[in-house]
Structure formats: structure tokens, C-alpha cells
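J.: Take a look and give me a structure for this.
(one chain, ligands or ions: 1)
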Amino acid sequence: MLKRLDRIKAQALTNLESINDPAALQAWKVKYLGRSAELAEVLQDLPKASKEERPQIGRRANEVKNALVAAYEEQANTLHKKALAQSLVQEHLDVTLPGRPRLKGRLHPATQTLRQLFRIWAEMGFQIYHSREVETDEYNFGLLNMPAYHPARDMWDTFYTTRSGIILRTQTSPGQIHVMRERAPEPIRVILPGMCYRYEQISARSEIQFNQIEGLAIGHNITFADLKGTLMAFASRFFSQNAATRFRASHFPFTEPSAEMDVECFICGGEGCSVCKDTGWLEILGCGMVHPLVLQNGGYDPEEFSGFAFGMGPERMTMLKRQIHDIRYFWRNDLRFLEQF
Ligand code: DAH
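T.: Okay, here's the model as predicted:
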């Protein structure tokens, strides 16, 4: 029996040495220290031994058991350390590396300009009024004094939908009718921002979609002097304190008289350069006194009320301010462009 115990011990310890993973270690424990291990058998058979041998065998059996338990714990400890060392190498974490910066979003350059324009017009007492991008032919043209036969329609070719008379708006001007019909006969001072669409040959100067900001003021005794004063005050806020402006006579079917406003070229200071095409002036908006027919279509009596309107293009203005030479960059989603602003 004593020999058997020595053999068990030797065999168990030899086996233990070659064990390299937790599962095998667990199996070893069951095999040599478990309930049906050979060692347990020896202890069970103890009563069968002679009286003299019994204490000796019992003592030796305990020694063997203790030795095996100790060896098991040591091996378990070794395996644990090994696994830890390995994971430190494999899942290497270098806390001294600099962190990865989070990419910060930014506002689109057109949005930046829009917000700046909103702020300026708000300071001057103009509310923002949103109106629809999908319009009727009637609102986009007819009610703005462009009946179906009107040649001015040619300036604004549009996208037609499959529903007759439903189009994408070519300008923010139809919003004038919406706001007038909603507010009449109250006085109005609003800007109408938003996307417009045109069926165009795309070029560096024209896109099929772009923002516009329409302005509308309706009330008693509003004159062309109010129009000029307001737009000049705007130009000095948006461009520079003493930005020179000039008004050129023009034509729009929905205003009478109509004009276009230029601002002195801020690149060359009026000397003439490539941005202003050597004229010294940059065209920035169309404007005029609201046509009596348009007032009437909006529900205002032209005998009693008058008003002015204007329309400007935020992308165009951003191009001028930031010296961007091609309007197509705006909606192309090219980060190399967008990240510059
Ligand atoms: N709707 C015009 C366009 O898209 C711009 C415009 C001109 C708007 C004169 C106006 C205006 O309100 O009075 O070209």
C-alpha cells in the first residue's frame, strides 16, 4: 500500500508538469484528488490493512494528498500568471499613446451665411417665414404676374412633377403670396429663406439647386426710399461698415419699378479685378416695389398699401466673400471643400 501511494504521487506529479491549460488542470484534479481517485480508493481500503500498518498508511496517504494539493495550487498559480502575461502581450495597451481626436462637425458654408443673414435681418425687424419647396405653377408664376404666356417665364425653367401644375419652386418669391394671404391686412416684415430649383445647364455660375432669401415689407406709405435705405443698411452690416452700393434699373414681373443692387467690389475696392470682372461692382440681389397686381393677389388693396421686396442668393454671396470660384462645390459633398470653412 505504501508503495502504491508512492507510485500515485510520482505519477500525479509527473502528469501535472506537462499540464498547460486550465481545462487539463481541472481534469487532473478530478483524476488525482477527486472522489473516485486512486488515492481515495486507498483510503477507503484502509480498514482492510493490518492494525500495525494502518497508521503508517494513513499518515502517508495524507502526506501524498497534501503534496498533491500543494502542487496543484502551485501549477494553477503558474498557469494564471502565464495567461496574464500572454494577454498583456497580445492585447497590448499603450497608455502613453496620444488619444484619437474625435472629429468635430461643422456647419456647411451656406448654412453659416444663412445664419449670419438671419441675424442681420432679425436685428432689422424681419421675421423668418418658411414656405414650401414644392409649389404650384400658379404661385410660382401666375400670381406673381407671370401668366402662362408671359415671356419672363423663360428665365426660370423648372422641374415639373407628374402632377399637372405641381413644380419645384424656382424662386422664394411665391412665399410672398403665401405670407400676404395669411397676414392681410396686417403690415408685413419677413424674410423667406429656402432651397430653390431650376432646370439649368450646370456651370460654375449656376446649379440646379440653391438657397435664396426673399424679403418682403408691406405697409402704409412704404416707398422706394425705404427699400434703398433698408438694403444699404443691410449691405453695411453684411459686407463692411462703409460698403458702397448702387442700384441699377432692371425688370422683374412682380415688382414695379425693379432694380438690382450692386456692392462695391471688396476684393479690389472698386479698382477692377477678376472677381468683379473689372467693373468694380458685384451684383448681389434683385429688388423692387411690389407690383400692384401682386399686392392684390395677396389680398392687399394697392390703393392703400405698398411694399418692397428683394431676393438674394446666399451661395453667391458666400462665393463673393470667400472667393469661391465655382458654385458647384456647395452641394457636391466634397470634404476637402467643406472642411475649409
Ligand atoms: N425671384 C428673383 C429671382 O429668382 C429674385 C427677386 C428679384 C426677388 C426681385 C424679388 C425681387 O423679391 O423684388 O431671380
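
J.: Write out the residues of the stretch 101-250 of the chain neighbouring the ligand.
T.: By CB under 6 Å from any ligand atom, the residues of the stretch 101-250 of the chain that approach the ligand are Gln171, Ser173, Glu214. Bear in mind the C-beta positions are built from the backbone N, C-alpha and C, glycine included.

J.: Which stretches in the stretch 151-300 of the chain count as helices?
T.: Counting by DSSP state H, counting those that start in this stretch, the stretch 151-300 of the chain has these helices, from start to end: 174-183, 224-238, 292-297.

J.: Just say which of those is most tucked in.
T.: helix 174-183 (a mean of 21; mean count of other CB atoms under 10 Å).

J.: who touches Val42 in this structure?
T.: Taking CB atoms under 8 Å, 6 or more residues apart in numbering as the contact definition, Val42 lies against Met1, Arg4, Leu5, Ile8, Ile57, Ala61.

J.: what's the closest of the helices of the stretch 151-300 of the chain to Lys81?
T.: Proximity to Lys81 (CB to CB) singles out helix 224-238 among the helices of the stretch 151-300 of the chain, at 70.6 Å.

J.: Grab the most central residue of this protein for me.
T.: Centroid-nearest residue in the chain: Gly105, 6.4 Å away (criterion: CA atoms, centre = their mean).

J.: Unless I misread the structure, that residue falls within a strand.
T.: No. Applying DSSP: H, G, I helix; E, B strand; the rest coil, one finds Gly105 to be coil, outside a strand.

J.: what's next to stretch 157-168, contact-wise?
T.: Residues from elsewhere that reach stretch 157-168 (CB under 8 Å, 6+ apart): 133-138, 140, 169-170, 196-200, 208.

J.: Go again with 7 Å.
T.: With CB atoms under 7 Å, 6 or more residues apart in numbering as the test, stretch 157-168 has contacts from Glu133, Val134, Glu135, Thr136, Asp137, Glu138, Asn140, Thr170, Tyr197, Arg198, Tyr199.

J.: Now the fifth one: closest residue in space that isn't a chain neighbour?
T.: Excluding its sequence neighbours, the residue lying closest to Asp137 (CB to CB, 6 or more residues apart in numbering) is Gly165, at 4.7 Å.

J.: before we move on, the earlier item: format the helices of the stretch 151-300 of the chain as JSON lines; extra columns: mean pLDDT.
T.: Shown next, in JSON lines, are these (pLDDT from 0 to 100):
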{"stretch": "helix 174-183", "mean pLDDT": "98"}
{"stretch": "helix 224-238", "mean pLDDT": "96"}
{"stretch": "helix 292-297", "mean pLDDT": "98"}
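
J.: Select, out of those helices, the one closest to Gly311.
T.: Of all the helices of the stretch 151-300 of the chain, the one in closest proximity to Gly311, counting by CB to CB, is helix 174-183 (9.6 Å).

J.: Which secondary structure element is home to Gln75?
T.: Taking DSSP states H and E as the definition, Gln75 sits inside helix 53-90.

J.: just checking, next helix/strand downstream of that helix?
T.: Assigned by DSSP H and E, the successor of helix 53-90 is helix 109-123.

J.: Per the annotation, how does the chain divide into domains?
T.: Annotated domains of the chain cover 2-90, 109-338 [automatic domain parsing].

J.: Lowest mean pLDDT across those, which one is that?
T.: Of all the domains of the chain, mean pLDDT reaches its minimum on domain 2-90 (a mean of 88).
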